[in-house]
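S.K.: I'd like to go over a predicted model; first the sequence, then the structure.
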Amino acid sequence: MRRTAVLWEVFVRRFEEAFEQYKWHRLTGEEAGELLGMSGRNFRRLSVRYEEDGIAGLRDQRIGKVSPRRTPERELLRMHELYRERYSDFTAKHFHEQLVRRHGYKLCYTVTRLSLQAAGLVAKAKRCGAHRKKRLRRPLPGMLLFQDGSTHRWIAALERDLDLIVTLDDATGAIYSALLVEQEGTMSSFLGLAETIARQGLFGSLYTDRGSHYFHTPKAGGKVDKAQPTQVGRARAHGASVRHAAETAAAGAPPRSDQDGGGGKRLSQGALRARLQRPLRRAGGRTRLSLHPLCRPAAR
């Protein structure tokens with residue numbers, strides 16, 4: 001026997017016992033409803049239906065009926081068509097944001113995501129590991145910064161992917177620095193930190209991925225504990241060296257080494273700028289897009 005059938009029989013038996021006690025005034029409507037896990041008002045309503053229709057009156061009248069709050073099928077079809085034609089390279093979250101902002105979309109994100117997954121347009125995400133669980137944000141700005149790079153075709157006219165290096169605050173989500181470069185590397189990461197320090201001052205700690213511009217990557221066969229969060233220590237311990245390296249590179253002094261260059265070989269100033277700071281060009285080549293100039297922080 002199916003579980004639902006067993007639960008239904010148990011509920012009917014318990015209701016009939018409570019109704020018998022209520023009919024002989026041994027229990028009040030509130031007491032009888034409490035025995036069944038419902039309010040006294042709901043119990044009295046079921047009692048009236050039970051006297052008129054018997055056990056059939058106890059069944060949920062909503063079963064088999066279309067909910068008045070059901071999502072309109074036409075709106076879902078419109079959303080699917082927009083995703084196929086214009087937003088197929090967007091994540092479900094970013095796609096929903098664009099729908100609300102540009103297309104007068106009213107449905108919630110969960111309905112949108114589930115509908116896309118049911119239609120086979122978006123794959124279900126893998127379950128996050130222990131190190132990806134949601135955590136509380138820092139209480140004050142400047143306690144923790146995030147920095148990461150994202151590869152995407154940010155400028156469609158260029159017809160190639162670029163790396164966007166973003167540095168933001170954990171407490172408020174405010175973006176302190178955003179740089180478009182050909183490829184993420186040591187100089188682009190340090191320029192983002194230097195720009196942040198110049199405008200906001202020293203920060204408490206930094207959270208980033210295990211890129212070679214911050215960490216020594218083991219050789220093939222080595223093991224890296226990816227379950228542990230990567231926090232580069234306190235800024236007062238290493239922030240001065242980070243700022244000094246970025247200022248030195250921006251001032252034109254030859255850098256000591258490029259960690260992304262393979263084996264820590266020395267690079268000349270011209271080679272370094274050619275590899276990591278090549279200017280970006282728009283279609284037509286009229287306007288040159290380059291990294292923001294580095295501002296030296298004021299002396300304290």
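M.R.: Perfect, thanks for sending it. Nothing here was measured: the structure is a model prediction, and the numbers come from that model.

S.K.: isn't Glu75 right up against Gly104?
M.R.: No. Counting by Cβ atoms under 8 Å, Glu75 sits too far from Gly104 to count as a contact (10.3 Å). Just so you know, the C-beta spots here come from the backbone N, C-alpha and C atoms, and that holds for glycine as well.

S.K.: So these two - more neighbours on which side?
M.R.: Neighbour totals were compared for Glu75 and Gly104, and Glu75 leads with 14 against 7 (other Cβ atoms under 10 Å).

S.K.: Now do the same contact list for that one.
M.R.: Tyr105, Lys106, Leu107 (Cβ atoms under 8 Å, 6 or more residues apart in numbering).

S.K.: List buried residues within those residues.
M.R.: Neighbour-count burial (16 or more other Cβ atoms under 10 Å) applied to these gives Tyr105, Leu107.

S.K.: from the contacts of Glu75, which is closest to Glu159?
M.R.: Of all the contacts of Glu75, Glu159 sits closest to Tyr105, with 29.8 Å by Cβ to Cβ.

S.K.: tell me which element that closest one is part of?
M.R.: Assigned by DSSP states H and E, Tyr105 belongs to no helix or strand.

S.K.: Report the spatially closest residue to it, excluding sequence-adjacent ones.
M.R.: Nearest residue to Tyr105, sequence neighbours excluded (Cβ to Cβ, 6 or more residues apart in numbering): Leu99, at 3.6 Å.

S.K.: before we move on, which element is the one you found in?
M.R.: helix 92-102.

S.K.: Just name whatever secondary elements that helix is in contact with.
M.R.: If you count contacts as 3 or more Cβ pairs under 8 Å, 6 or more residues apart in numbering; DSSP states H and E, helix 92-102 packs onto helix 73-86, helix 109-118.

S.K.: Report the inter-axis angle for that helix versus helix 73-86.
M.R.: Inter-element angle recorded for helix 92-102 and helix 73-86: 110 degrees (by axes from the mean of the first three to the mean of the last three Cα atoms, to 10 degrees).

S.K.: check contacts around the residue nearest to Tyr105.
M.R.: Contacts of Leu99 (Cβ under 8 Å, 6+ apart): Met79, Leu82, Tyr105, Thr112.

S.K.: Make CSV out of those and add pLDDT and distance to Phe190.
M.R.: Listed next are the contacts of Leu99 as CSV, based on pLDDT from 0 to 100; distance: Cβ to Cβ, whole Å:
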residue, pLDDT, distance to Phe190
Met79, 94, 42
Leu82, 94, 40
Tyr105, 93, 41
Thr112, 94, 39
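
S.K.: low-confidence ranges in the stretch 151-300 of the chain?
M.R.: Scanning the stretch 151-300 of the chain for pLDDT under 70 picks out 217-300.

S.K.: For the contacts of Glu75, could you give me CSV that also reports distance to Val122?
M.R.: Listed next are the contacts of Glu75 as CSV, based on distance: Cβ to Cβ, whole Å:
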residue, distance to Val122
Tyr105, 16
Lys106, 20
Leu107, 15
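
S.K.: what angle do the helix holding Leu99 and helix 109-118 make?
M.R.: Going by the same axes, to 10 degrees, helix 92-102 makes 120 degrees with helix 109-118.

S.K.: Do a quick rundown of the helices in the protein.
M.R.: Using DSSP state H, the helices found in the chain span residues 3-23, 29-36, 40-53, 73-86, 92-102, 109-118, 186-200, 235-251, 269-276.

S.K.: Of the ones you listed, which stretch is the most buried?
M.R.: Ranked by mean neighbour count, the helices of the chain are led by helix 186-200 with a mean of 22 (mean count of other Cβ atoms under 10 Å).

S.K.: export that one as CSV, just CAs?
M.R.: Below are the C-alpha coordinates for helix 186-200, written out as CSV (Å, rounded to 0.1, in the frame of the first residue of the first chain):
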residue,chain,number,x,y,z
THR,A,186,50.9,39.5,-11.8
MET,A,187,50.9,43.2,-12.9
SER,A,188,47.1,43.4,-13.5
SER,A,189,46.5,41.9,-10.0
PHE,A,190,49.0,44.3,-8.3
LEU,A,191,47.6,47.3,-10.2
GLY,A,192,44.1,46.5,-8.9
LEU,A,193,45.4,46.3,-5.3
ALA,A,194,47.5,49.5,-5.8
GLU,A,195,44.5,51.4,-7.1
THR,A,196,42.4,50.2,-4.2
ILE,A,197,45.0,51.2,-1.6
ALA,A,198,45.5,54.6,-3.2
ARG,A,199,41.8,55.4,-3.0
GLN,A,200,40.7,53.5,0.1
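
S.K.: State the pair within the contacts of Leu99 that is farthest apart.
M.R.: Across these (Cβ to Cβ), the longest gap, 10.7 Å, separates Leu82 and Thr112.

S.K.: Please consider this matter closed, and thank you.
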